[in-house]
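>>> Output the structure for:
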Amino acid sequence: MGGHPYYYLVKHQPNVEAALEDLQESEFQAGRYNPVLPFLQFPIRPDSPAPGPQHDSIYEAREAAEECGTRSILDITGISEWPDFCVASPLAEEDLERYFGTQRPTKEMVSRKIGFLSSVKRGHCVYFTVFEAGQPSELFFGGYSFD
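Below is the predicted model of the structure:
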């Protein structure tokens with residue numbers, strides 16, 4: 001089987017680690033992770049399925065997902081300056097330029113070019129700031145699942 005892309009836009013905050021933790025808690029509480037929902041549909045919308053958590057913790061959800069992973073942001077254990085398995089790292093400035101033609105992409109640009117996720121290695125996640133009217137408005141987290 002192949003990996004699956006996932007992505008989220010969350011309200012911008014300067015502390016990226018806190019934003020990641022808030023996102024993970026929200027998605028865990030919604031139950032939007034494998035094995036509760038084996039294959040999620042992105043983007044997540046207000047009417048997306050939310051059966052609630054079926055595990056006592058994010059750690060237990062990761063364990064239950066086994067080698068396939070949760071196919072969601074729950075596979076990410078923290079923030080790193082460098083790409084690696086199970087961490088979110090900043091998308092390089094040159095990649096922002098290559099994919100979006102700017103280092104300050106808008107939500108519209110991101111939605112039109114979401115295919116860039118195919119360049120993210122399995123088990124990796126990237127993040128970057130999304131802008132509106134020249135100001136930071138959201139943080140994008142996106143990656144590719146293990147399976």
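
>>> Give me the three-state assignment for F116.
helix (DSSP: H, G, I helix; E, B strand; the rest coil).

>>> Report how many residues lie close to it.
Applying other Cβ atoms under 10 Å, we find 18 residues neighbouring F116. All C-beta spots, glycine's among them, are computed from the backbone N, C-alpha and C.

>>> Tell me the pLDDT of it.
F116 is assigned a pLDDT of 97 by the prediction.

>>> Please apply the same query to M1.
Model confidence at M1, expressed as pLDDT, equals 57.

>>> Would you mind finding the longest helix in this protein?
Identified as the longest helix of the chain according to DSSP state H is helix 16-30.

>>> what's next to that helix, contact-wise?
Outside of helix 16-30, the residues within contact range by Cβ atoms under 8 Å, 6 or more residues apart in numbering are 8, 10-13, 33, 44, 48, 50-53, 58, 61, 72-74, 76, 78-79, 88, 127, 139, 141.
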